[in-house]
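Chemist: Fold the following, please.
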Amino acid sequence: MKSVCKNILIGLFGFISFTACDDIDEADRIIIGKVEEHLVQAEEKTVEAEGQSFTYVDQHQILIEDFTGWRCVNCPNMAAFLASNIESMYPSVIVSLHPASNSLSNTDRVASNFSLSCTLADEIANTVAGSNVASSLSLPAVSIDQMLYEGQALHSGDTTTVYNTLRSLAYDQYISYFISGKAYANLATNVKKTSDKSYQLSTLVVPGTYSNKNVLLQLWLLESGIVAYQSTQSGVVRDYVNNHVLRMAINGNQGEVIALGEDYVVKNHTLSFEGTSYIADNCSVVAIVSDPNTHEVINCIEVEL
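Modeler: Prediction:
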């Protein structure tokens, strides 16, 4: 076994001083958004199971769900913020969801091959934020580990408050697992190409400190590098690049309940690209284990095809 060191950048927030900066020594100035480096020791482990070798990193990763839309002028700002201020600072996986019923994400007036929306995104929005909210959900909105918090919707105007709230929530979730020792399970997924259009997925769930409980396993297909229209505050961009877009649920929209004991569990699934225009080289699989009752994410990983 080897220990994997990961640099974690934690955002620190300061108060605005009414003293002119010129009167304060450079080294003593408080800078909003200033970061300091934290070192997390995350152990890499290997398990031999069902004739395969699975390798996982023993740590909780945050699932960041970005509810977005191509007609949403503020959504590109949120996407850029999540990538540079949360994904790069914490062990995390980002999923971009385009609810089909939301007027800011549907594609009723453009070519079908441009469509980014899916009804699965609506189901996830309803799971996270309550029933029948996908159509009225203000975009962009973000959930961290499938828990939606007040003030996360980003509207034109005051973006700083929203960003700082998201930084704080990500930091709180980071602390709860890495400092407070909140129980979590671990995941590893092996991908094997079986034909031009299909793959065999084998997912290992290791109970760890989350043993003797039921978990919900969900497998999602994401696609990146999708060039499409996007509204911005400066107008419509025709060649906007969309990344980690949710495309399908591999093991059903509701996933499957797994009873964890003291030992690992392996689940096998088939991924088929038949009847789709998705580019496999641009796709990845996200495996998520969550609490079946509260839906809070226990852990997640992303594996490229």
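Chemist: Read off the pLDDT value for the residue nearest to Pro76 when sequence neighbours are not counted.
Modeler: In space, and not counting its chain neighbours, Pro76 is closest to Thr232: 5.4 Å by C-beta to C-beta, 6 or more residues apart in numbering. C-beta coordinates here come from the backbone N, C-alpha and C atoms, glycine included. In the predicted model, Thr232 carries a pLDDT score of 92.
Chemist: what residues are up against Thr232?
Modeler: Neighbouring residues of Thr232 by C-beta atoms under 8 Å, 6 or more residues apart in numbering: 73, 76, 240.
Chemist: distance of it from Asn74?
Modeler: 9 Å (C-beta to C-beta, to the nearest Å).
Chemist: returning to what we had before: could the contacts of Thr232 go into CSV alongside secondary structure?
Modeler: Supplementary listing: the contacts of Thr232 in CSV, determined by DSSP: H, G, I helix; E, B strand; the rest coil:
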residue, secondary structure
Val73, coil
Pro76, helix
Tyr240, strand
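Chemist: so where do the strands sit in the stretch 101-250 of the chain?
Modeler: Along the stretch 101-250 of the chain, counting by DSSP state E, counting those that start in this stretch, strands occupy 141-144, 147-148, 186-193, 198-206, 214-223, 226-232, 235-242, 245-249.
Chemist: Tell me the strands beside the longest one, with direction?
Modeler: The strands that strand 214-223 pairs with in its sheet are strand 245-249 (antiparallel), strand 256-259 (antiparallel), strand 283-290 (antiparallel) (by DSSP bridges).
Chemist: buried residues in that strand?
Modeler: 215-223 (16 or more other C-beta atoms under 10 Å).
Chemist: C-alpha coordinates for stretch 224-240, CSV please?
Modeler: Listed in CSV are the C-alpha atoms of stretch 224-240, where the atom choice follows Å, rounded to 0.1, in the frame of the first residue of the first chain:
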residue,chain,number,x,y,z
SER,A,224,-17.6,16.2,-22.0
GLY,A,225,-16.3,18.3,-24.9
ILE,A,226,-19.9,19.0,-26.2
VAL,A,227,-19.8,22.1,-28.4
ALA,A,228,-23.1,23.9,-28.3
TYR,A,229,-25.0,27.2,-27.9
GLN,A,230,-24.8,29.0,-24.6
SER,A,231,-26.3,32.3,-23.5
THR,A,232,-24.1,34.6,-21.6
GLN,A,233,-24.4,38.0,-20.1
SER,A,234,-22.6,39.2,-23.3
GLY,A,235,-24.8,37.4,-25.7
VAL,A,236,-25.1,33.9,-27.2
VAL,A,237,-21.9,31.9,-27.7
ARG,A,238,-22.2,29.4,-30.5
ASP,A,239,-19.2,27.2,-29.7
TYR,A,240,-19.4,27.0,-25.9
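Chemist: follow-up on the earlier one: what's the closest of the strands of the stretch 101-250 of the chain to Val303?
Modeler: Evaluated over these, closeness to Val303 peaks at strand 186-193, with 4.7 Å, by C-beta to C-beta.
Chemist: Which neighbouring elements make contact with the closest one?
Modeler: strand 52-57, strand 198-206, strand 283-290, strand 297-304 (3 or more C-beta pairs under 8 Å, 6 or more residues apart in numbering; DSSP states H and E).
Chemist: Heading C-terminal from the first one, find the next helix or strand.
Modeler: Right, the one you point to is strand 52-57. Per DSSP states H and E, strand 52-57 leads on to strand 62-67 as the next helix or strand towards the C-terminus.
Chemist: List the contacts of that following strand.
Modeler: In this structure, residues lying in contact with strand 62-67 by C-beta under 8 Å, 6+ apart are 78-79, 82, 86-87, 90-99, 102, 121, 124-125, 128, 137, 139-146, 170, 173-174, 286, 288, 297, 300.
Chemist: Which of these fall in helices?
Modeler: Among the contacts of strand 62-67, DSSP state H puts 78-79, 82, 121, 124-125, 128, 170, 173-174 in helices.
Chemist: and of those, the nearest to Tyr56?
Modeler: Using C-beta to C-beta, Tyr174 is the member of these that lies nearest Tyr56, at 18.8 Å.
Chemist: Setting the sequence-adjacent residues aside, check what's closest to the closest one.
Modeler: With C-beta to C-beta, 6+ apart as the criterion, Tyr174 has its nearest non-adjacent residue at 5.2 Å, and that residue is Tyr90.
Chemist: Just give me the neighbour total for that neighbour.
Modeler: By other C-beta atoms under 10 Å, the residues close to Tyr90 number 25.
Chemist: do the same with Ser202
Modeler: Under the neighbour criterion other C-beta under 10 Å, Ser202 is assigned a count of 18.
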